[in-house]
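Asks: Need the 3D shape of this:
(one chain, ligands or ions: 1)
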Amino acid sequence: MKNIDLETLTIVEARRALDAREYSAVDLTDAYLAEIEKRDQSLHAYLEVWTEGAKADALRADAMIASGDIHPLTGIPIAVKDNILIDGCVASSASKILEHYTAVYDATVIAKLKEQGVVFLGRTNMDEFALGGSTENSAYGPTHNPHDESRVPGGTSGGSAAAVAGNLALAALGSDTGGSIRQPAAFCGVVGLKPTYGNVSRYGLMAAASSLDQIGPITKSIADARIVYDAIKGYDSHDSTSLPDVSNTFATTKRIGVPRSFLEKGIDTDVLASFEKTIQDLVSAGYEIVDVELPNLQYSLAVYYIINPAEVSTNLARYDGVRYGTRVDAPSIGEIYEQSRAQGFGPETRRRILTGTFVLSAGYSDAHYRKARALRELIRKDFVDAFKDVDAIALPTTPTPAFTLGSHTTDPVAMYLEDIFTVPVNLAGVPAISIPTDTVERDGKQLPIGFQLIAAHRNENILFDIGSTLEKSK
Ligand code: GLN
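Replies: Predicted structure coming up:
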(Lines give C-alpha, C1' and ligand atoms only; values in the text may rest on other atoms or scores of the structure.)
Protein backbone atom coordinates (compact mmCIF):
# COMPACT_ATOMS: atom_id res chain seq x y z
CA MET A 1 0.00 0.00 0.00
CA LYS A 2 1.20 3.53 -0.83
CA ASN A 3 2.32 5.65 2.09
CA ILE A 4 0.03 8.69 2.05
CA ASP A 5 0.16 11.23 4.89
CA LEU A 6 -3.55 11.47 5.71
CA GLU A 7 -2.97 13.88 8.62
CA THR A 8 -1.97 16.79 6.37
CA LEU A 9 -3.88 15.73 3.26
CA THR A 10 -6.46 18.10 1.76
CA ILE A 11 -8.72 17.72 -1.26
CA VAL A 12 -6.58 20.27 -3.09
CA GLU A 13 -3.41 18.23 -2.48
CA ALA A 14 -5.07 14.88 -3.25
CA ARG A 15 -6.39 16.30 -6.54
CA ARG A 16 -2.87 17.36 -7.51
CA ALA A 17 -1.39 13.98 -6.56
CA LEU A 18 -4.15 11.97 -8.28
CA ASP A 19 -3.78 14.00 -11.47
CA ALA A 20 0.01 13.65 -11.34
CA ARG A 21 -0.51 9.86 -10.98
CA GLU A 22 1.53 9.84 -7.75
CA TYR A 23 -1.11 7.48 -6.41
CA SER A 24 -4.45 6.21 -7.63
CA ALA A 25 -7.97 6.62 -6.21
CA VAL A 26 -7.72 2.95 -5.23
CA ASP A 27 -4.49 3.65 -3.27
CA LEU A 28 -6.08 6.62 -1.57
CA THR A 29 -9.26 4.72 -0.72
CA ASP A 30 -7.25 1.79 0.64
CA ALA A 31 -5.31 4.19 2.87
CA TYR A 32 -8.56 5.53 4.35
CA LEU A 33 -10.07 2.06 4.76
CA ALA A 34 -6.92 0.94 6.61
CA GLU A 35 -7.08 3.98 8.91
CA ILE A 36 -10.78 3.34 9.60
CA GLU A 37 -9.93 -0.26 10.46
CA LYS A 38 -7.28 0.99 12.89
CA ARG A 39 -9.04 3.85 14.60
CA ASP A 40 -12.81 3.60 14.24
CA GLN A 41 -13.16 0.89 16.88
CA SER A 42 -12.51 3.58 19.47
CA LEU A 43 -13.88 6.68 17.66
CA HIS A 44 -17.10 5.15 16.30
CA ALA A 45 -17.45 7.84 13.64
CA TYR A 46 -19.07 5.40 11.23
CA LEU A 47 -22.28 3.43 11.56
CA GLU A 48 -21.36 1.47 8.45
CA VAL A 49 -18.28 1.33 6.22
CA TRP A 50 -18.93 0.46 2.59
CA THR A 51 -15.63 -1.31 1.94
CA GLU A 52 -16.65 -3.05 -1.28
CA GLY A 53 -18.67 -0.09 -2.56
CA ALA A 54 -15.82 2.31 -1.87
CA LYS A 55 -13.35 0.09 -3.75
CA ALA A 56 -15.73 -0.09 -6.72
CA ASP A 57 -16.18 3.71 -6.64
CA ALA A 58 -12.39 4.10 -6.59
CA LEU A 59 -11.90 1.82 -9.60
CA ARG A 60 -14.49 3.83 -11.50
CA ALA A 61 -12.79 7.08 -10.48
CA ASP A 62 -9.42 5.79 -11.71
CA ALA A 63 -11.00 4.94 -15.06
CA MET A 64 -12.44 8.47 -15.24
CA ILE A 65 -9.04 9.97 -14.43
CA ALA A 66 -7.36 7.76 -17.05
CA SER A 67 -9.81 8.93 -19.69
CA GLY A 68 -9.38 12.61 -18.77
CA ASP A 69 -12.91 12.93 -17.34
CA ILE A 70 -11.63 14.71 -14.24
CA HIS A 71 -13.72 16.84 -11.85
CA PRO A 72 -12.60 18.55 -8.64
CA LEU A 73 -13.82 15.58 -6.56
CA THR A 74 -13.03 12.63 -8.83
CA GLY A 75 -11.55 9.89 -6.65
CA ILE A 76 -11.90 11.85 -3.39
CA PRO A 77 -13.03 9.61 -0.48
CA ILE A 78 -15.79 11.18 1.58
CA ALA A 79 -18.17 10.18 4.39
CA VAL A 80 -21.90 10.86 4.43
CA LYS A 81 -24.15 11.63 7.39
CA ASP A 82 -26.69 8.90 8.03
CA ASN A 83 -29.67 11.14 7.16
CA ILE A 84 -28.72 11.65 3.48
CA LEU A 85 -30.09 9.09 1.03
CA ILE A 86 -27.92 6.97 -1.27
CA ASP A 87 -29.85 4.60 -3.51
CA GLY A 88 -29.54 1.02 -2.24
CA CYS A 89 -27.80 1.94 1.02
CA VAL A 90 -29.24 1.90 4.53
CA ALA A 91 -29.97 5.38 5.91
CA SER A 92 -31.23 5.31 9.48
CA SER A 93 -30.81 8.83 10.90
CA ALA A 94 -29.18 6.89 13.75
CA SER A 95 -32.67 5.79 14.83
CA LYS A 96 -33.99 2.36 15.75
CA ILE A 97 -37.16 3.13 13.83
CA LEU A 98 -35.18 3.22 10.56
CA GLU A 99 -32.63 0.55 11.46
CA HIS A 100 -33.06 -1.39 8.20
CA TYR A 101 -34.47 1.33 5.98
CA THR A 102 -32.82 1.19 2.56
CA ALA A 103 -32.96 4.31 0.40
CA VAL A 104 -34.66 3.93 -2.97
CA TYR A 105 -33.20 7.04 -4.62
CA ASP A 106 -30.19 9.34 -4.44
CA ALA A 107 -30.39 12.68 -2.66
CA THR A 108 -29.62 15.46 -5.14
CA VAL A 109 -26.28 16.18 -3.43
CA ILE A 110 -25.35 12.49 -3.83
CA ALA A 111 -26.35 12.45 -7.51
CA LYS A 112 -24.11 15.47 -8.06
CA LEU A 113 -21.18 13.85 -6.23
CA LYS A 114 -21.64 10.60 -8.16
CA GLU A 115 -21.35 12.52 -11.43
CA GLN A 116 -17.97 13.77 -10.25
CA GLY A 117 -16.78 10.26 -9.38
CA VAL A 118 -16.59 10.65 -5.61
CA VAL A 119 -15.70 7.62 -3.44
CA PHE A 120 -18.28 7.01 -0.70
CA LEU A 121 -16.58 5.47 2.35
CA GLY A 122 -19.57 4.99 4.62
CA ARG A 123 -22.37 6.57 6.64
CA THR A 124 -21.55 8.48 9.79
CA ASN A 125 -23.01 8.54 13.27
CA MET A 126 -25.28 11.39 14.38
CA ASP A 127 -27.84 12.35 16.99
CA GLU A 128 -31.10 10.58 16.17
CA PHE A 129 -32.99 12.56 13.51
CA ALA A 130 -30.46 15.42 13.89
CA LEU A 131 -31.71 16.35 17.37
CA GLY A 132 -28.98 17.06 19.88
CA GLY A 133 -25.53 18.52 20.19
CA SER A 134 -23.17 15.67 21.11
CA THR A 135 -24.01 12.58 19.00
CA GLU A 136 -24.98 10.92 22.29
CA ASN A 137 -28.59 10.71 21.08
CA SER A 138 -27.62 8.10 18.48
CA ALA A 139 -29.46 4.82 19.01
CA TYR A 140 -26.14 3.09 18.19
CA GLY A 141 -23.87 4.59 20.86
CA PRO A 142 -21.84 7.80 20.87
CA THR A 143 -18.90 8.94 18.76
CA HIS A 144 -15.71 10.05 20.53
CA ASN A 145 -13.76 13.24 19.89
CA PRO A 146 -10.43 12.44 18.15
CA HIS A 147 -8.67 15.15 20.25
CA ASP A 148 -9.78 13.58 23.54
CA GLU A 149 -11.76 10.38 23.43
CA SER A 150 -13.41 11.09 26.79
CA ARG A 151 -15.17 14.03 25.13
CA VAL A 152 -18.03 14.38 22.64
CA PRO A 153 -17.33 15.29 19.00
CA GLY A 154 -20.32 17.66 19.07
CA GLY A 155 -23.47 17.02 17.14
CA THR A 156 -25.53 16.30 15.39
CA SER A 157 -23.01 15.67 12.56
CA GLY A 158 -20.52 14.35 15.13
CA GLY A 159 -19.59 11.26 13.14
CA SER A 160 -18.85 13.35 10.05
CA ALA A 161 -16.67 15.83 11.98
CA ALA A 162 -14.83 13.07 13.88
CA ALA A 163 -14.23 11.18 10.61
CA VAL A 164 -12.56 14.22 9.00
CA ALA A 165 -10.62 15.24 12.13
CA GLY A 166 -9.52 11.65 12.79
CA ASN A 167 -8.30 11.17 9.18
CA LEU A 168 -11.01 8.61 8.45
CA ALA A 169 -12.33 10.61 5.45
CA LEU A 170 -10.95 13.49 3.41
CA ALA A 171 -14.26 15.37 3.69
CA ALA A 172 -17.78 14.68 4.86
CA LEU A 173 -21.34 15.83 4.36
CA GLY A 174 -23.32 16.97 7.35
CA SER A 175 -26.63 18.74 7.90
CA ASP A 176 -27.20 21.86 9.97
CA THR A 177 -30.58 22.73 11.47
CA GLY A 178 -29.35 24.82 14.38
CA GLY A 179 -25.58 24.35 14.31
CA SER A 180 -25.07 20.67 13.55
CA ILE A 181 -22.29 21.25 11.01
CA ARG A 182 -20.57 24.22 12.67
CA GLN A 183 -20.61 23.00 16.29
CA PRO A 184 -19.08 19.55 15.67
CA ALA A 185 -16.59 21.15 13.24
CA ALA A 186 -15.58 23.53 16.05
CA PHE A 187 -15.30 20.74 18.64
CA CYS A 188 -13.19 18.60 16.28
CA GLY A 189 -10.97 21.38 14.87
CA VAL A 190 -12.14 21.27 11.25
CA VAL A 191 -14.00 23.61 8.87
CA GLY A 192 -17.82 23.44 8.69
CA LEU A 193 -20.06 25.40 6.31
CA LYS A 194 -23.81 25.94 6.70
CA PRO A 195 -24.88 27.27 3.31
CA THR A 196 -27.68 29.77 2.68
CA TYR A 197 -31.09 28.14 3.11
CA GLY A 198 -32.09 27.13 -0.42
CA ASN A 199 -28.61 27.10 -1.97
CA VAL A 200 -28.14 23.33 -1.52
CA SER A 201 -31.02 21.00 -2.33
CA ARG A 202 -32.70 19.24 0.61
CA TYR A 203 -34.13 16.55 -1.70
CA GLY A 204 -33.13 13.24 -0.14
CA LEU A 205 -32.22 14.74 3.22
CA MET A 206 -34.42 13.25 5.94
CA ALA A 207 -36.35 16.23 7.23
CA ALA A 208 -35.88 17.35 10.83
CA ALA A 209 -37.11 20.96 10.79
CA SER A 210 -37.70 21.75 7.13
CA SER A 211 -37.48 25.53 7.36
CA LEU A 212 -34.07 25.30 9.05
CA ASP A 213 -32.30 22.21 7.60
CA GLN A 214 -29.42 22.60 5.18
CA ILE A 215 -26.74 20.17 3.91
CA GLY A 216 -23.12 21.34 3.91
CA PRO A 217 -19.48 20.23 3.91
CA ILE A 218 -17.08 19.43 6.75
CA THR A 219 -13.47 19.65 5.56
CA LYS A 220 -9.88 20.32 6.60
CA SER A 221 -9.52 23.67 4.86
CA ILE A 222 -11.51 26.60 3.51
CA ALA A 223 -10.46 25.78 -0.05
CA ASP A 224 -11.78 22.23 0.42
CA ALA A 225 -15.08 23.51 1.84
CA ARG A 226 -15.49 25.66 -1.23
CA ILE A 227 -14.80 22.73 -3.59
CA VAL A 228 -17.42 20.51 -1.93
CA TYR A 229 -19.91 23.38 -1.68
CA ASP A 230 -19.48 24.19 -5.38
CA ALA A 231 -20.10 20.53 -6.19
CA ILE A 232 -23.38 20.21 -4.24
CA LYS A 233 -25.01 23.64 -4.62
CA GLY A 234 -27.49 24.72 -7.27
CA TYR A 235 -31.16 24.95 -8.14
CA ASP A 236 -33.15 21.72 -7.90
CA SER A 237 -36.74 21.39 -9.08
CA HIS A 238 -37.24 18.53 -6.57
CA ASP A 239 -36.90 20.97 -3.66
CA SER A 240 -39.61 23.62 -3.52
CA THR A 241 -37.44 25.92 -1.39
CA SER A 242 -34.44 25.68 -3.74
CA LEU A 243 -33.19 29.07 -4.92
CA PRO A 244 -32.47 29.96 -8.57
CA ASP A 245 -28.80 29.94 -9.55
CA VAL A 246 -27.05 33.31 -9.38
CA SER A 247 -23.48 34.24 -9.99
CA ASN A 248 -22.10 35.40 -6.70
CA THR A 249 -19.97 38.50 -7.11
CA PHE A 250 -19.01 40.92 -4.39
CA ALA A 251 -16.72 43.86 -3.79
CA THR A 252 -13.68 43.30 -1.56
CA THR A 253 -14.83 42.75 1.97
CA LYS A 254 -13.42 45.01 4.62
CA ARG A 255 -15.98 45.60 7.38
CA ILE A 256 -16.84 42.98 9.98
CA GLY A 257 -19.44 43.49 12.70
CA VAL A 258 -19.31 42.04 16.21
CA PRO A 259 -22.57 41.88 18.20
CA ARG A 260 -20.80 42.72 21.50
CA SER A 261 -23.87 42.87 23.69
CA PHE A 262 -24.72 39.28 22.71
CA LEU A 263 -21.26 37.96 23.47
CA GLU A 264 -21.17 37.75 27.24
CA LYS A 265 -23.83 35.02 27.42
CA GLY A 266 -22.40 32.17 29.45
CA ILE A 267 -19.22 31.88 27.42
CA ASP A 268 -15.99 30.44 28.88
CA THR A 269 -13.48 33.22 29.54
CA ASP A 270 -10.67 31.63 27.54
CA VAL A 271 -13.01 31.01 24.59
CA LEU A 272 -13.96 34.69 24.65
CA ALA A 273 -10.31 35.76 24.98
CA SER A 274 -9.39 33.61 21.99
CA PHE A 275 -12.26 35.14 19.98
CA GLU A 276 -10.89 38.62 20.73
CA LYS A 277 -7.44 37.47 19.66
CA THR A 278 -8.80 36.33 16.28
CA ILE A 279 -10.59 39.66 15.92
CA GLN A 280 -7.17 41.31 16.38
CA ASP A 281 -5.74 39.03 13.66
CA LEU A 282 -8.45 40.35 11.35
CA VAL A 283 -7.55 43.93 12.26
CA SER A 284 -3.90 43.16 11.45
CA ALA A 285 -5.03 41.70 8.13
CA GLY A 286 -6.66 45.05 7.28
CA TYR A 287 -10.28 44.52 8.29
CA GLU A 288 -12.28 47.19 10.02
CA ILE A 289 -14.14 45.85 13.07
CA VAL A 290 -17.31 47.62 14.19
CA ASP A 291 -19.97 46.94 16.80
CA VAL A 292 -23.35 45.85 15.48
CA GLU A 293 -26.64 45.63 17.29
CA LEU A 294 -28.97 42.72 16.64
CA PRO A 295 -31.47 43.43 19.39
CA ASN A 296 -33.62 40.33 18.88
CA LEU A 297 -30.75 37.83 18.84
CA GLN A 298 -31.28 37.26 22.55
CA TYR A 299 -34.57 35.50 21.76
CA SER A 300 -33.05 33.09 19.26
CA LEU A 301 -32.74 30.06 21.52
CA ALA A 302 -36.28 30.36 22.82
CA VAL A 303 -37.63 30.84 19.30
CA TYR A 304 -35.57 27.96 17.91
CA TYR A 305 -36.70 25.54 20.60
CA ILE A 306 -40.33 26.22 19.68
CA ILE A 307 -40.01 26.19 15.88
CA ASN A 308 -37.68 23.18 15.75
CA PRO A 309 -39.92 20.84 17.81
CA ALA A 310 -43.03 22.09 15.99
CA GLU A 311 -41.57 21.12 12.62
CA VAL A 312 -39.95 17.95 13.97
CA SER A 313 -43.25 16.71 15.41
CA THR A 314 -44.88 17.22 12.03
CA ASN A 315 -42.06 15.65 10.00
CA LEU A 316 -41.65 12.61 12.24
CA ALA A 317 -45.37 11.80 12.05
CA ARG A 318 -44.51 9.83 8.91
CA TYR A 319 -42.65 7.18 10.93
CA ASP A 320 -45.66 5.21 11.99
CA GLY A 321 -44.41 1.65 11.71
CA VAL A 322 -46.35 1.17 8.47
CA ARG A 323 -44.69 3.14 5.72
CA TYR A 324 -41.01 3.02 6.67
CA GLY A 325 -38.64 1.04 8.81
CA THR A 326 -39.31 -0.92 11.95
CA ARG A 327 -42.81 -2.19 12.76
CA VAL A 328 -43.92 -3.67 16.05
CA ASP A 329 -46.76 -6.11 15.32
CA ALA A 330 -49.87 -5.52 17.40
CA PRO A 331 -53.59 -6.38 17.19
CA SER A 332 -54.83 -2.98 15.95
CA ILE A 333 -53.47 -0.23 13.74
CA GLY A 334 -53.54 2.20 16.67
CA GLU A 335 -51.38 -0.11 18.74
CA ILE A 336 -48.98 -0.65 15.82
CA TYR A 337 -48.45 3.13 15.62
CA GLU A 338 -48.11 3.48 19.36
CA GLN A 339 -45.72 0.61 19.97
CA SER A 340 -43.60 1.17 16.87
CA ARG A 341 -43.08 4.81 17.83
CA ALA A 342 -42.55 4.06 21.52
CA GLN A 343 -39.87 1.49 20.75
CA GLY A 344 -38.45 3.18 17.67
CA PHE A 345 -37.78 6.71 18.98
CA GLY A 346 -35.23 7.66 21.64
CA PRO A 347 -35.88 10.01 24.60
CA GLU A 348 -34.80 13.32 22.96
CA THR A 349 -36.83 12.60 19.83
CA ARG A 350 -39.89 11.87 21.97
CA ARG A 351 -39.27 15.08 23.93
CA ARG A 352 -39.28 17.13 20.70
CA ILE A 353 -42.42 15.41 19.41
CA LEU A 354 -44.23 16.13 22.67
CA THR A 355 -43.05 19.75 22.85
CA GLY A 356 -43.84 20.30 19.19
CA THR A 357 -47.30 18.81 19.44
CA PHE A 358 -47.95 21.02 22.45
CA VAL A 359 -46.84 24.30 20.87
CA LEU A 360 -48.92 23.56 17.76
CA SER A 361 -52.05 22.46 19.61
CA ALA A 362 -55.24 24.50 19.45
CA GLY A 363 -55.31 26.91 22.36
CA TYR A 364 -51.53 27.08 22.70
CA SER A 365 -50.30 27.80 19.19
CA ASP A 366 -51.14 31.52 19.47
CA ALA A 367 -49.19 31.82 22.70
CA HIS A 368 -46.13 29.88 21.53
CA TYR A 369 -45.80 28.95 17.87
CA ARG A 370 -47.21 32.13 16.37
CA LYS A 371 -45.17 34.34 18.71
CA ALA A 372 -42.04 32.40 17.81
CA ARG A 373 -42.78 32.88 14.10
CA ALA A 374 -43.19 36.64 14.62
CA LEU A 375 -39.93 36.85 16.55
CA ARG A 376 -38.14 34.80 13.93
CA GLU A 377 -39.08 37.48 11.40
CA LEU A 378 -37.58 40.16 13.66
CA ILE A 379 -34.35 38.15 14.00
CA ARG A 380 -34.17 37.79 10.21
CA LYS A 381 -34.68 41.54 9.86
CA ASP A 382 -31.94 42.26 12.42
CA PHE A 383 -29.50 40.47 10.12
CA VAL A 384 -30.76 42.26 7.00
CA ASP A 385 -30.30 45.62 8.76
CA ALA A 386 -26.85 44.71 10.10
CA PHE A 387 -25.66 43.65 6.65
CA LYS A 388 -26.45 47.13 5.30
CA ASP A 389 -23.45 48.28 7.31
CA VAL A 390 -21.05 45.31 7.43
CA ASP A 391 -19.91 42.55 5.04
CA ALA A 392 -19.80 39.83 7.69
CA ILE A 393 -20.62 39.24 11.34
CA ALA A 394 -18.26 37.39 13.68
CA LEU A 395 -19.25 35.26 16.68
CA PRO A 396 -17.66 32.33 18.47
CA THR A 397 -19.12 29.06 17.16
CA THR A 398 -19.73 27.72 20.67
CA PRO A 399 -19.48 29.07 24.22
CA THR A 400 -17.27 26.14 25.35
CA PRO A 401 -14.92 23.54 23.86
CA ALA A 402 -16.03 19.90 23.62
CA PHE A 403 -17.54 18.70 26.89
CA THR A 404 -17.07 15.25 28.42
CA LEU A 405 -19.31 12.37 27.42
CA GLY A 406 -22.32 12.09 29.72
CA SER A 407 -21.90 15.55 31.27
CA HIS A 408 -24.98 17.06 29.54
CA THR A 409 -27.17 14.01 28.96
CA THR A 410 -29.40 14.44 32.00
CA ASP A 411 -29.86 18.17 31.45
CA PRO A 412 -31.43 18.95 28.07
CA VAL A 413 -31.38 22.71 28.73
CA ALA A 414 -27.59 22.68 29.28
CA MET A 415 -27.31 20.93 25.92
CA TYR A 416 -29.61 23.50 24.24
CA LEU A 417 -27.54 26.40 25.67
CA GLU A 418 -24.53 25.20 23.65
CA ASP A 419 -26.46 26.31 20.54
CA ILE A 420 -26.69 29.98 21.52
CA PHE A 421 -24.36 31.28 18.79
CA THR A 422 -25.40 28.96 15.97
CA VAL A 423 -29.23 28.89 15.94
CA PRO A 424 -29.75 32.57 14.95
CA VAL A 425 -28.13 31.79 11.59
CA ASN A 426 -30.64 29.05 10.74
CA LEU A 427 -33.58 31.19 11.87
CA ALA A 428 -32.41 33.91 9.46
CA GLY A 429 -31.50 31.48 6.65
CA VAL A 430 -28.10 33.11 6.11
CA PRO A 431 -24.79 31.27 5.48
CA ALA A 432 -22.10 30.79 8.15
CA ILE A 433 -18.80 28.99 8.50
CA SER A 434 -16.86 27.69 11.50
CA ILE A 435 -13.10 27.95 11.20
CA PRO A 436 -10.68 26.24 13.61
CA THR A 437 -8.62 29.18 14.85
CA ASP A 438 -7.30 28.15 18.23
CA THR A 439 -7.28 25.67 21.10
CA VAL A 440 -7.98 26.00 24.82
CA GLU A 441 -6.73 23.70 27.55
CA ARG A 442 -8.99 21.38 29.55
CA ASP A 443 -7.67 18.62 31.82
CA GLY A 444 -4.22 18.95 30.31
CA LYS A 445 -5.45 18.54 26.74
CA GLN A 446 -5.55 21.11 23.97
CA LEU A 447 -9.11 21.27 22.61
CA PRO A 448 -10.05 23.05 19.37
CA ILE A 449 -12.49 25.93 19.26
CA GLY A 450 -14.17 27.56 16.28
CA PHE A 451 -14.49 31.11 15.00
CA GLN A 452 -17.80 31.73 13.25
CA LEU A 453 -18.31 34.08 10.33
CA ILE A 454 -21.81 34.90 9.12
CA ALA A 455 -22.63 36.59 5.79
CA ALA A 456 -25.73 38.00 4.16
CA HIS A 457 -28.06 35.77 2.16
CA ARG A 458 -26.18 33.97 -0.65
CA ASN A 459 -22.82 35.55 0.16
CA GLU A 460 -20.85 32.33 0.82
CA ASN A 461 -18.00 33.89 -1.18
CA ILE A 462 -17.43 36.42 1.58
CA LEU A 463 -17.04 33.59 4.09
CA PHE A 464 -14.45 31.84 1.91
CA ASP A 465 -12.64 35.14 1.34
CA ILE A 466 -12.28 36.14 5.00
CA GLY A 467 -11.82 32.49 6.01
CA SER A 468 -8.79 32.10 3.73
CA THR A 469 -7.24 35.26 5.19
CA LEU A 470 -7.68 33.84 8.70
CA GLU A 471 -6.29 30.47 7.69
CA LYS A 472 -3.16 32.15 6.30
CA SER A 473 -2.71 34.30 9.41
CA LYS A 474 -2.59 31.19 11.63
N1 GLN B 1 -28.52 21.29 18.65
C2 GLN B 1 -29.60 21.70 17.82
C3 GLN B 1 -30.81 20.84 18.08
O4 GLN B 1 -30.73 19.97 18.88
C5 GLN B 1 -29.19 21.68 16.39
C6 GLN B 1 -29.37 20.39 15.71
C7 GLN B 1 -29.07 20.44 14.24
O8 GLN B 1 -28.52 21.42 13.72
N9 GLN B 1 -29.50 19.42 13.53
O10 GLN B 1 -31.82 21.00 17.50
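Asks: elements contacting the strand or helix carrying Ile393?
Replies: In this assignment (DSSP states H and E), Ile393 forms part of strand 392-396. In terms of contacts (3 or more CB pairs under 8 Å, 6 or more residues apart in numbering; DSSP states H and E), strand 392-396 is packed against strand 255-258, helix 260-263, helix 269-284, strand 445-455, helix 460-473. (Each C-beta comes from the backbone N, C-alpha and C, glycine too.)
Asks: can you list contacts of whichever helix or strand comes after that strand?
Replies: From strand 392-396 onward toward the C-terminus, using DSSP H and E, the following helix or strand is helix 412-417. Helix 412-417 has contacts (CB atoms under 8 Å, 6 or more residues apart in numbering) with 132-134, 266, 301, 305, 348, 351, 399, 408-409.
Asks: Give me whichever of the helices and strands packed on strand 392-396 is most buried.
Replies: Mean neighbour counts were compared across the helices and strands packed on strand 392-396 using mean count of other CB atoms under 10 Å; the top stretch is strand 445-455, at a mean of 24.
Asks: Adjacent strands (with direction) for that one?
Replies: Each strand that strand 445-455 pairs with, and the sense of that pairing, follows from DSSP bridges: strand 392-396 (antiparallel), strand 432-442 (antiparallel).
Asks: The shortest one to helix 269-284, inter-axis angle?
Replies: It refers to strand 392-396. Calculated by axes from the mean of the first three to the mean of the last three CA atoms, to 10 degrees, strand 392-396 forms an angle of 150 degrees with helix 269-284.
Asks: What angle do helix 460-473 and strand 392-396 make with each other?
Replies: In this structure, strand 392-396 runs at an angle of 50 degrees to helix 460-473, with the same axes, to 10 degrees as the basis.
Asks: and strand 392-396, what's its mean pLDDT?
Replies: pLDDT averaged over strand 392-396 equals 98, rounded to a whole number.
Asks: and what of stretch 41-53?
Replies: Mean predicted confidence for stretch 41-53 is 98.
Asks: do the same with stretch 442-452
Replies: In the prediction, stretch 442-452 has an average pLDDT of 97.
Asks: hmm, back to that, flag whichever of the contacts of helix 412-417 scores worst on pLDDT.
Replies: Looking at the contacts of helix 412-417, model confidence by pLDDT dips furthest at Gly266: 85.
Asks: That one: what secondary structure?
Replies: Secondary structure assignment for Gly266 (DSSP: H, G, I helix; E, B strand; the rest coil): coil.
Asks: which residue sits closest to it in space, ignoring its chain neighbours?
Replies: Closest residue to Gly266 apart from its sequence neighbours, by CB to CB, 6 or more residues apart in numbering: Pro399 at 5.5 Å.
Asks: Just list the residues touching the one you found, thanks.
Replies: 265-268, 271, 417-418, 420-421.
Asks: swap in Ala169?
Replies: 32, 77-79, 121, 160, 163.
Asks: next one: phi and psi at Ser175?
Replies: Reported as degrees, to the nearest 10, the phi and psi values for Ser175 are phi -130, psi 150.
Asks: go on, the one 10 residues further on?
Replies: Recorded main-chain torsions at Ala185 are phi -60, psi -40, according to degrees, to the nearest 10.
Asks: That one and Asp291, how far apart?
Replies: When CB to CB, to the nearest Å is the yardstick, Ala185 and Asp291 sit 27 Å from each other.
Asks: And the two? Which one has more around it.
Replies: When neighbours are counted by other CB atoms under 10 Å, Ala185 comes out ahead of the other of Ala185 and Asp291, with 39 against 10.
Asks: tell me what the longest helix along the chain is packed against?
Replies: In the chain, assigned by DSSP state H, the helix with the most residues is helix 25-43. On a contact count with 3+ CB pairs under 8 Å, 6+ apart, helix 25-43 meets helix 11-19, strand 46-49, helix 51-66, strand 77-81, strand 119-124.
Asks: Out of these, which gets nearest to the ligand?
Replies: Using CB to the nearest ligand atom as the measure, strand 77-81 is the one of the helices and strands packed on helix 25-43 that comes nearest the ligand, at 9.8 Å.
Asks: by contact count, what packs against the closest one?
Replies: So strand 77-81, by 3+ CB pairs under 8 Å, 6+ apart, packs with helix 25-43, strand 119-124, helix 158-165, strand 171-175.
Asks: That strand near the ligand anywhere?
Replies: No - in terms of CB under 6 Å from any ligand atom, no part of strand 77-81 sits within range of the ligand; the closest distance is 9.8 Å.
Asks: That strand to helix 158-165, inter-axis angle?
Replies: 160 degrees.
Asks: so how far is whichever helix or strand comes after strand 77-81 from its chain's centroid?
Replies: Once strand 77-81 ends, the next helix or strand along the chain (criterion: DSSP H and E) is helix 108-116. A distance of 18 Å separates the centroid of the chain from that of helix 108-116, by CA atoms, centre = their mean, to the nearest Å.
Asks: quick one: pLDDT of the residue nearest the centre of the chain?
Replies: Most central in the chain under CA atoms, centre = their mean is Ile181, positioned 2.0 Å from the mean C-alpha point. For Ile181, the model assigns a pLDDT of 98.
Asks: if I read this right, it contacts Gly174, doesn't it?
Replies: Yes - between Ile181 and Gly174 there is a contact at 4.2 Å, judged by CB atoms under 8 Å.
Asks: Now do the shared contacts for those two.
Replies: With contacts taken as CB under 8 Å, 6+ apart, the residues that reach both Ile181 and Gly174 are 157, 160, 192, 216-218.
Asks: distance between stretch 260-271 and the chain's centre?
Replies: Worked out by CA atoms, centre = their mean, stretch 260-271 lies 23 Å from the chain centre.
Asks: Lovely, talk soon.
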